[in-house]
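Chemist: structure, please.
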Amino acid sequence: MDILDADLDDPVLLRFLQEHLDDLAPTAPTESRHALDAEALRRSGVRMWVAAEEGAVLGTVALAEVGDAHEELKSMRTSPDHRGRGIAARMLSHAVEDARRRGVERISLETGSADFFAAARSLYRRAGFLECEPFGAYVHDPHSVFMTTTLQLPNGGGVPVDGERVEPPRSLPESVVPTVRLTGGLGEAH
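Modeler: Numbering: from 1, shown residues only. Prediction:
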């Protein structure tokens with residue numbers, strides 16, 4: 001599996017993204033669904049990657065600018081046929097490492113509160129995300145769960161979030177948190 005920059009003109013990727021929107025439709029009313037369509041993913045300030053294998057899209061992840069050194073995780077999806085292989089963890093790790101290299105201090109996300117999203121919320125918790133208040137333009141919504149994480153500084157602590165210092169989680173063994181070793185330009189997941 002390779003993790004590559006997304007080509008938003010690729011018809012295979014466009015179908016995958018539409019399937020993502022279709023999967024989300026029954027989970028919440030329209031005003032409570034915040035997934036980005038292909039047009040929104042093309043906007044300035046959005047970076048997107050695909051997990052690909054033999055021409056097939058296995059997963060996607062994106063980061064969108066929220067504010068100064070703060071980005072939002074978007075379009076996190078694994079193909080139903082490929083779930084349970086650790087693809088989402090590798091994609092998440094890739095996005096976090098990209099953000100860290102660029103000096104992003106905080107990554108937040110909005111995900112659903114329905115059972116459909118339980119595995120996603122569990123993945124985010126294992127990766128160090130904690131529930132938080134709505135951020136950016138979001139407002140409280142019973143269909144949404146908001147989460148955030150601060151990226152590690154060289155001294156091992158977290159960066160301040162809204163005036164409070166956030167320390168990295170201590171209860172997770174290091175082996176639970178996925179890693180990506182980057183080589184060359186695009187990166188190679190391990």
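
Chemist: ok, and His20, which helix or strand is that part of?
Modeler: His20 belongs to helix 11-24 when assigned by DSSP states H and E.

Chemist: report the mean confidence score over that helix.
Modeler: In this model, helix 11-24 carries a mean pLDDT of 90.

Chemist: next one: stretch 133-151
Modeler: 95.

Chemist: same check, this time on stretch 105-125
Modeler: 94.

Chemist: equivalent analysis for stretch 66-79, please.
Modeler: 94.

Chemist: and that stretch, what's buried?
Modeler: Val66, His70, Glu71, Glu72, Leu73, Lys74, Ser75, Met76, Arg77, Thr78, Ser79 (16 or more other CB atoms under 10 Å). C-beta here means a position set from N, CA and C on the backbone, and glycine is covered the same way.

Chemist: quick check: which element contains the closest residue to Val46 other than its chain neighbours?
Modeler: Nearest residue to Val46 in three dimensions, chain neighbours excluded: Ala64, at 4.7 Å (CB to CB, 6 or more residues apart in numbering). Ala64 is part of strand 56-67, with elements assigned from DSSP H and E.

Chemist: can you dump the C-alpha atoms of the helix or strand just after that strand in PDB for me?
Modeler: Later in the chain than strand 56-67, the nearest helix or strand by DSSP H and E is strand 70-78. Only the C-alpha atoms of strand 70-78 are listed here, as PDB (Å, rounded to 0.1, in the frame of the first residue of the first chain):
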ATOM      1  CA  HIS A  70      -4.500  24.600  13.700                       C
ATOM      2  CA  GLU A  71      -5.900  22.200  11.100                       C
ATOM      3  CA  GLU A  72      -9.000  19.900  10.900                       C
ATOM      4  CA  LEU A  73      -8.900  16.200  10.000                       C
ATOM      5  CA  LYS A  74     -11.400  15.600   7.100                       C
ATOM      6  CA  SER A  75     -12.500  12.900   4.700                       C
ATOM      7  CA  MET A  76     -11.100  10.000   6.800                       C
ATOM      8  CA  ARG A  77     -12.500   6.900   5.200                       C
ATOM      9  CA  THR A  78     -11.400   3.300   4.500                       C
END
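
Chemist: need the contact list for the residue most central in space within the chain.
Modeler: For the chain, Leu73 is the residue whose C-alpha lies nearest the centre (CA atoms, centre = their mean; 3.6 Å). Each residue near Leu73 by CB atoms under 8 Å, 6 or more residues apart in numbering is listed here: Val61, Ala62, Leu63, Leu92, Ala95, Ile107, Ser108, Leu109.

Chemist: quick one: it from Leu24, how far?
Modeler: Applying CB to CB, to the nearest Å, the value for Leu73 to Leu24 is 15 Å.

Chemist: Ile107 - that's part of a helix, no?
Modeler: No - with DSSP: H, G, I helix; E, B strand; the rest coil as the criterion, Ile107 is located in strand rather than a helix.

Chemist: so it sits against Val96, correct?
Modeler: Yes - between Ile107 and Val96 a contact is recorded at 6.5 Å, counting by CB atoms under 8 Å.
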